[in-house]
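Participant: After the sequence you'll find the predicted model.
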Protein chains: 2
Amino acid sequence: MKTLIKNVHVLSMDRHFSEVKDGFVLIEDDVINKIGHISELTSQTIDADTIIDGKNGLLIPGLINTHTHAGMIPFRSLGDDVPDRLRRFLFPLEQHMTKELVHASSDYAIAEMLLSGVTSFCDMYYFEDEVAKSSKKMGIRALVGETIIDMPTCDSSEPSGGYKYCERFLEKWQNDPLVTPIIAPHAPNTNNLETLKKIVTLSEKYNAPITMHVEEMTYEMTDFQAKYNQTPIEFLQTLGYFERDFILAHCILATESDLDIIAASNKKARVAHCIGANTKSAKGVAPVKQMLEKNIVVGLGTDGPSSGNTLDLFSQMRLFANFHKTHNQDRALFPAKEIVRLATMGGAETLGLADQVGSIEIGKKADLTLIETESVNMFPIFDPYSAIVYSANASNVEAVWINGRQLVSGSKLVEQKLKTIKETLYSEMENFVVEAKKL
Amino acid sequence: MKTLIKNVHVLSMDRHFSEVKDGFVLIEDDVINKIGHISELTSQTIDADTIIDGKNGLLIPGLINTHTHAGMIPFRSLGDDVPDRLRRFLFPLEQHMTKELVHASSDYAIAEMLLSGVTSFCDMYYFEDEVAKSSKKMGIRALVGETIIDMPTCDSSEPSGGYKYCERFLEKWQNDPLVTPIIAPHAPNTNNLETLKKIVTLSEKYNAPITMHVEEMTYEMTDFQAKYNQTPIEFLQTLGYFERDFILAHCILATESDLDIIAASNKKARVAHCIGANTKSAKGVAPVKQMLEKNIVVGLGTDGPSSGNTLDLFSQMRLFANFHKTHNQDRALFPAKEIVRLATMGGAETLGLADQVGSIEIGKKADLTLIETESVNMFPIFDPYSAIVYSANASNVEAVWINGRQLVSGSKLVEQKLKTIKETLYSEMENFVVEAKKL
């Protein structure tokens, strides 16, 4: 099965930032087989089963969302701009999440990601078996982690019940081509010491990556200072977390010493940076400049639909540019090209998928996003990276392929109906909405 | 001529933030004639010529862009992320702007604004007679100001030649229903004292508002400190600017004393705040919290397509929320509702149009924007203001009316073809592109 995508500006995002203007990409089964200039097409016989005219669009590696909560679509636009929203809205309402609601929400969230060009994501929430099933059905590449937290949750009446759920989950999803099961302790301050230790052992047993919210909250920092005279990262290091594959979400408050710990892990530890959620909640700007100076791997994430409100990386790239330039008082810092790299190859490295995806290179999996340039906001284009970071929005995504399978065409889902997914979610949300209105 | 827009969530943005869910708005000729709940439609005979089904979309007053440069579309994505871009790219290339290119660019910029729900804008650039003609042709409401600057420009071989151009321009465009001619000195530091004084007199003679870039640049502040031992705003006050209708763009570096001067003008002076452009160029975050505490009128602006890259206010609202919350370390500051107010009524007050537009109220001009809620990013909506600020993007704009005339329908221009506008601009850009590639 061969698919030819032609008349595109290929932005490979490989280490040399190789580009082909008026280019083509040939997919064979699930793999990128050829990249070239369209003039080569006339001189060669390319026997593709499907030919896609990219109409001078920008073809980039699929965008990678390194941190989200696909089950949380029902929370979107609820209690924004409210202090301590986590404890006032999220924790109470999470008691009313059901298996069916998480599945329906995950289908919807994945639809939203696909339509905005996201081809891989890293998730943590409850009933994650449903998110895994939903990912497989929708055809997206995913790292899926069951949340472990030291309190009763919607999918476990026992505190830390997520641990048991997680063990079964890791067992079940071994060796799936799209879904990688991972372990997702909620945060250093919301788990007890015993559980935090067991998680490292579990990670060793299944060779499973860990993802965790780390150094996102001011009280998290002060609690650990008071209790252990350490930062959360220093504390987690003593437990062996930095010898595991470890995806740290946020790290807004990371100290110089914390960054040194992350750097010393030799890329075992990586950072999922969520600029939109972090700044909407006024938590601050993570020290990404310093992270990159220390060769720490960083990817971009949207956080959940209640925190960042959209699951697309275009809004994250724009916010990233403006925040980090202003924060560092340097307009030349993080040129657009580097930001697109963070949203693609940076994300792939963060999720441990860089050998498979993150760039358009021969032999890599065909995870591709086509951005159309016909809409009014996309002209002129002197610099395609600038156009992606500063002009484009999620609605400019025209087509998406994952593992060579076309999942978005003409800005619509190919295999699913968005209307049906929305109707299912809407009906599953009935009780949730009743409870939400009580708050 | 009556148009009925029904099945919409009306967000009036009046002083009480009145809303009608499942509502309708009736337009008669160019004016809003009735606002109500759709249940009233069954009990009354509404004899509309045109009936629009809003499909549960959000109907808001047209968005107002208080500062832009419609002639600068050719510069988009050129030299982003480069230090001192103004002098390295903008000033040299501006020598190659022609009357025809400004006209074509203005058509394109206005198309972009209409398609993103902008119904009024305030412009300053060169060959502004073309921008005025373009505005009239496209049907948008505009304050249009010829730039006056103390150097030769594309439309004047003499330094400060814009002054003469401006006088003819003010004469020509008196009493137009859509276009208000204004005076646009470039900045305090780019005009000589004599010209700055003459501009106040000219403003008095024609009762014309003034708009100017003020306190955007660090060197502007230090120059005035060195030369006059004053801030630019203190200096302009001595010349009488604060007794005129005065729209100050940026004010990033405004001091406490500057804000007091603006406040003391009793709303004669208003601020066009361009958060996207200001932070993309790492210039900083203007003290908008302090402005509003002093009852200073503030509106939102995109700045030109080279500075802010898009001309839509959705990206500005999102950036505004995240930047001002983070800058003030307060997630509850500027709830979404207040930000939508800044982008509508705040903008109308800034441009001196609040008696005509800025809110959906009976008797006001029918400048309306319909935001669809069927796209994937627009569900669920617990709070419509949150959905607009944190979820929506420019592509969610479904329909737009100005003075009761429908200019956008089904997310497309009604009276013009975008493709034709783009082709014309593209052909006018030929020489500009050649010169741009030399830099």
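Facilitator: Looks like it arrived, so ask away.

Participant: Write out the residues of the stretch 201-350 of chain A neighbouring chain B.
Facilitator: Residues of the stretch 201-350 of chain A lying close to chain B (CB under 8 Å from any CB of the partner chain) are A:276, A:279-285, A:309-310, A:312, A:315, A:318-319, A:321-323, A:325-326, A:328-336. For every residue, glycine as well, the C-beta is placed using N, CA and C.

Participant: what sits against the spatially most central residue of chain A?
Facilitator: Most central in chain A under CA atoms, centre = their mean is A:Asn65, positioned 1.7 Å from the mean C-alpha point. Going by CB atoms under 8 Å, 6 or more residues apart in numbering or on different chains, A:Asn65 touches A:113, A:118, A:120-122, A:300-302, A:311, A:313, A:347.

Participant: Leaving out sequence neighbours, find the closest residue to it.
Facilitator: A:Phe121 (4.1 Å; CB to CB, 6 or more residues apart in numbering or on different chains).

Participant: Put the alpha carbons of the one helix or strand that neighbour maps to into CSV.
Facilitator: Using DSSP states H and E, A:Phe121 falls within strand A:118-125. Once non-C-alpha atoms are left out, strand A:118-125 reads as follows in CSV (Å, rounded to 0.1, in the frame of the first residue of the first chain):
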residue,chain,number,x,y,z
VAL,A,118,-1.4,15.8,16.9
THR,A,119,-0.3,12.3,16.1
SER,A,120,1.1,11.2,19.5
PHE,A,121,0.1,12.1,23.0
CYS,A,122,0.9,11.3,26.6
ASP,A,123,-2.0,10.9,28.9
MET,A,124,-2.7,10.5,32.6
TYR,A,125,-6.1,10.2,34.2
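
Participant: Can you name every helix or strand that it contacts?
Facilitator: strand A:63-68, helix A:99-115, helix A:128-138, strand A:141-148, helix A:347-350, strand A:397-402 (3 or more CB pairs under 8 Å, 6 or more residues apart in numbering or on different chains; DSSP states H and E).

Participant: I'd like these as TSV, with mean pLDDT and distance to B:Asn191 appended.
Facilitator: Output for the helices and strands packed on strand A:118-125, formatted as TSV (pLDDT from 0 to 100; distance: least, CB to CB, whole Å):
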stretch	mean pLDDT	distance to B:Asn191
strand A:63-68	98	46
helix A:99-115	98	49
helix A:128-138	98	59
strand A:141-148	98	57
helix A:347-350	98	48
strand A:397-402	98	45
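
Participant: rewinding a little: Throw together a PyMOL command that grabs the buried residues out of the contacts of A:Asn65.
Facilitator: To isolate the buried members of the contacts of A:Asn65 in PyMOL, using 16 or more other CB atoms under 10 Å in any protein chain shown:
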select buried, chain A and resi 113+118+120+121+122+300+301+302+311+313+347
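
Participant: just the contacts of A:Asn65 now: which is nearest A:Lys437?
Facilitator: A:Lys437 lies nearest to A:Leu311 out of the contacts of A:Asn65, by CB to CB, at 24.6 Å.

Participant: hang on, the earlier thing: and the pLDDT at the residue nearest to A:Asn65?
Facilitator: As predicted, A:Phe121 sits at a pLDDT of 98.

Participant: Contact partners for it?
Facilitator: Listed by CB under 8 Å, 6+ apart, the contact set of A:Phe121 reads A:64-66, A:68, A:70, A:110, A:113, A:140-143.

Participant: swap the cut-off to 6 Å and go again
Facilitator: By CB atoms under 6 Å, 6 or more residues apart in numbering or on different chains, the contact set of A:Phe121 is A:65, A:68, A:113, A:142.

Participant: ok, those vs B:Ala394, which is closest?
Facilitator: A:Met113 (19.9 Å).

Participant: Verify the contact between the closest one and A:Leu313 for me.
Facilitator: No. Counting by CB atoms under 6 Å, A:Met113 does not reach A:Leu313; the two are 9.0 Å apart.

Participant: Need the residues touching each of the two.
Facilitator: Common contacts of A:Met113 and A:Leu313 (CB under 6 Å, 6+ apart): none found.

Participant: give me phi/psi at the residue nearest to A:Met291 when sequence neighbours are not counted?
Facilitator: Closest residue to A:Met291 apart from its sequence neighbours, by CB to CB, 6+ apart: A:Val298 at 5.4 Å. A:Val298 has phi and psi values of phi -130, psi 140 when expressed as degrees, to the nearest 10.

Participant: again with A:Asp383
Facilitator: Backbone torsions for A:Asp383, taken as degrees, to the nearest 10, come to phi -130, psi 110.

Participant: What is the neighbour count of it?
Facilitator: 19 (other CB atoms under 10 Å in any protein chain shown).

Participant: My read is that it contacts B:Ser77, right?
Facilitator: Yes. Here A:Asp383 lies in contact with B:Ser77, judged by CB under 6 Å, at a distance of 4.8 Å.

Participant: re earlier: which ones among the residues of the stretch 201-350 of chain A next to chain B are found in helices?
Facilitator: A:276, A:279-280, A:315, A:318-319, A:321-323, A:325-326, A:336 (DSSP state H).

Participant: for those residues, which one is nearest A:Lys438?
Facilitator: Closest approach to A:Lys438 among those (CB to CB): A:Lys280, at 24.6 Å.

Participant: Please give the number of neighbouring residues around the closest one.
Facilitator: 24.

Participant: which intervals of the stretch 301-439 of chain A have sub-threshold pLDDT?
Facilitator: In the prediction, the stretch 301-439 of chain A carries no residues with pLDDT under 70.

Participant: where do the strands sit along it?
Facilitator: Along the stretch 301-439 of chain A, the stretches classed as strands by DSSP state E, counting those that start in this stretch are A:368-371, A:397-402, A:405-409, A:412-413.

Participant: so which of the ones you listed comes closest to B:Val131?
Facilitator: Taking these one by one with CB to CB, strand A:368-371 is closest: 30.0 Å.

Participant: Residue ranges of each domain in chain A, please.
Facilitator: A:2-60+A:368-402, A:63-350 (automatic domain parsing).

Participant: Most tightly packed of those domains?
Facilitator: By mean neighbour count, with neighbours taken as mean count of other CB atoms under 10 Å in any protein chain shown, domain A:63-350 ranks first of the domains of chain A at a mean of 22.

Participant: which helices and strands does the top strand by length along chain A pack with?
Facilitator: In chain A, with assignment by DSSP state E, the single longest strand is strand A:50-61. Applying 3 or more CB pairs under 6 Å, 6 or more residues apart in numbering or on different chains; DSSP states H and E, we find strand A:50-61 packed against strand A:2-11, strand A:368-371.

Participant: what sits up against that strand?
Facilitator: Outside strand A:50-61, the residues that touch it by CB under 6 Å, 6+ apart are A:3-5, A:7-11, A:13, A:344, A:358-360, A:369-373, A:384, A:398.

Participant: ok, A:His435 - contacts?
Facilitator: Quick fix: residue A:435 is Glu, not His. A:His96.

Participant: A:Leu78 and A:Glu349, how far apart?
Facilitator: 34 Å (CB to CB, to the nearest Å).

Participant: swap in A:Val20?
Facilitator: Distance, A:Val20 to A:Glu349, by CB to CB: 23 Å.

Participant: With A:Lys412 instead?
Facilitator: Taken as CB to CB, the span from A:Lys412 to A:Glu349 is 31 Å.

Participant: A:Phe169 against A:Ile183, yeah?
Facilitator: No. Using CB under 6 Å, A:Phe169 makes no contact with A:Ile183, being 9.0 Å away.

Participant: Tell me how many other residues crowd A:Glu430.
Facilitator: Look at A:Glu430: counted by other CB under 10 Å, it has 9 neighbours.

Participant: hang on, I meant A:Leu425
Facilitator: Other residues lying near A:Leu425 total 23 when counted by other CB under 10 Å.

Participant: In space, what's closest to it - neighbours in sequence excluded?
Facilitator: Distance criterion CB to CB, 6+ apart; nearest residue to A:Leu425, sequence neighbours excluded, is A:Ala104 at 4.2 Å.
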